[in-house]
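1. Here's my sequence, what's the structure:
(one chain, ligands or ions: 2)
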Amino acid sequence: PHRIIIDCDPGHDDMAAILLAAWHDDIVIEAITSVCGNASVENTTNNALRIVEAFKLDVPVYRGAELPLLNRYEFPAEFHGPSGLDSAGVDLPQPTIRAESKHAVQAIIDLVDANPGEITVVVVGPMTNLALVLAMRPDLAGTIKQIVFMGGSATEGNITPAAEFNIWADAHAARMVFRSGVKLVMFGLNLTHQTLLRRSDIAAVRAAQPGDNAVPDIMDFYCGTYYRFAGQDKPGAPLHDPCAIAYLIQPDLFEIQQLPGDVIVGDDQSYGQTLIDIRPQDPAHDARKKNVGVAMKADAEGFAQLMTQALIWGAGR
Ligand code: BDR
Ligand code: CA
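-> Ligands and ions are numbered 1, 2, ... in the order given. Presented below is the predicted three-dimensional model:
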């Protein structure tokens, strides 16, 4: 099985990613680390604890970075609600368990040190924790197995025309990670706009687990936000973060291209953009450094089936 750390800012689709990983036998979650992103780190840590307790996961939670490296921003409460994990109905209870006392950055360092070459870090929030890990211990670029992340885009942005939220929220951290030399696999908006959580998938969860249930209600909040932005006629909402987990479980759901990628941190409208070089090249004269495996195409049906099974499992816990 893949031994992973989930570095996240839950977050509705972060919760879906955690459930997918917890459900599947091919994944062992060694730790959940939180970061400020969709909400304050206070809230994202609290939400991670709510998830761990409500779904009876035996996973330690470590609180991570309080702020991005450089830029400050208002938490975008319109997407995930003020708590970061609002529900359209039943809420996950507040946690009675607590985060570990060790800082998330130290926890990542210690786990990689104890298991060189073994740990995949799945980043589905801003990359602040990872940048701090690599600033403290650049040598870990050689012992982190890989970083599989949701962030960026080879096409359009969401928080700005150019930038996707996770990268934009800490573009300097993302640039450090992009340039670190760690093996990177990117699930950007160009991909996640193909992997919808459909209205019919939520209906399937409700049918399988009838009665009041936080899982479909939380997903309804998330999709409702999307439909308000994108149109009520949409058949589903893009479910970003679980793609990174689905790739570990079933890599053949995705088509990955090895390409050059970097992060723009200039002081203009392109701030936070991932610049992915998709130009075709003559292989005989291609000297570019292809540092990112970029997911380009998804088997949307296969993804939806996998995700729905995991949500049904979660709803039954
Ligand atoms: C990303 O931003 C967050 O709102 C989601 O959880 C996801 O990680 C999508 O841009
Ligand atoms: Ca997220």
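
2. Would you mind confirming that Ile5 is in contact with Ile108?
-> Yes: using CB atoms under 8 Å, Ile5 is in contact with Ile108, at 5.9 Å. Heads up, the C-betas are built off the backbone N, CA and C, glycines and all.

3. And the helices in this structure?
-> Listed in chain order, the helices of the chain (DSSP state H) span residues 12-23, 41-54, 77-80, 104-114, 128-136, 165-169, 171-178, 189-192, 199-208, 214-230, 242-249, 300-315.

4. So which residues on the stretch 1-150 of the chain come close to ligand 2?
-> Within the stretch 1-150 of the chain, the positions near ligand 2 by CB under 5 Å from the ion are Asp9, Gly11, Asp14, Val124, Gly125.

5. Which neighbours do Ile5 and Ile108 have in common?
-> Between them, Ile5 and Ile108 share these contacting residues under CB atoms under 8 Å, 6 or more residues apart in numbering: Ala31, Thr33, Val121.

6. of those residues, closest to ligand 2?
-> Lowest distance from ligand 2 to the shared contacts of Ile5 and Ile108 (CB to the ion) belongs to Thr33, with 12.5 Å.

7. list the contacts for Phe165?
-> Counting by CB under 8 Å, 6+ apart, Phe165 has contacts Gly37, Pro76, Phe79, Asn158, Ile159.

8. again, only using 6 Å
-> Shown in contact with Phe165 (CB atoms under 6 Å, 6 or more residues apart in numbering): Asn158, Ile159.

9. got the helices of the chain as CSV, with distance to Gly89 columns?
-> Below are the helices of the chain laid out as CSV (distance: least, CB to CB, whole Å):
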stretch, distance to Gly89
helix 12-23, 14
helix 41-54, 15
helix 77-80, 16
helix 104-114, 31
helix 128-136, 32
helix 165-169, 25
helix 171-178, 35
helix 189-192, 25
helix 199-208, 11
helix 214-230, 4
helix 242-249, 21
helix 300-315, 13
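
10. Need the ones you listed in CSV (columns: distance to ligand 1 and mean pLDDT).
-> CSV is the format used below for the helices of the chain (distance: least, CB to the nearest ligand atom, whole Å; pLDDT from 0 to 100):
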stretch, distance to ligand 1, mean pLDDT
helix 12-23, 5, 98
helix 41-54, 10, 98
helix 77-80, 5, 89
helix 104-114, 17, 98
helix 128-136, 13, 98
helix 165-169, 4, 98
helix 171-178, 12, 98
helix 189-192, 7, 98
helix 199-208, 17, 98
helix 214-230, 9, 97
helix 242-249, 9, 98
helix 300-315, 15, 98
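
11. so which of those helices is the most packed in?
-> helix 165-169 (a mean of 28; mean count of other CB atoms under 10 Å).

12. So is that helix next to ligand 2?
-> No: judged by CB under 5 Å from the ion, helix 165-169 makes no contact with ligand 2; its nearest approach is 6.3 Å.

13. Which residue is the nearest non-sequential neighbour of the most centrally placed residue in the chain?
-> The C-alpha lying nearest the average C-alpha coordinate of the chain belongs to Val124 (CA atoms, centre = their mean; 1.9 Å). Spatially, and ignoring its direct neighbours in sequence, Val124 is nearest to Asp241 (3.8 Å; CB to CB, 6 or more residues apart in numbering).
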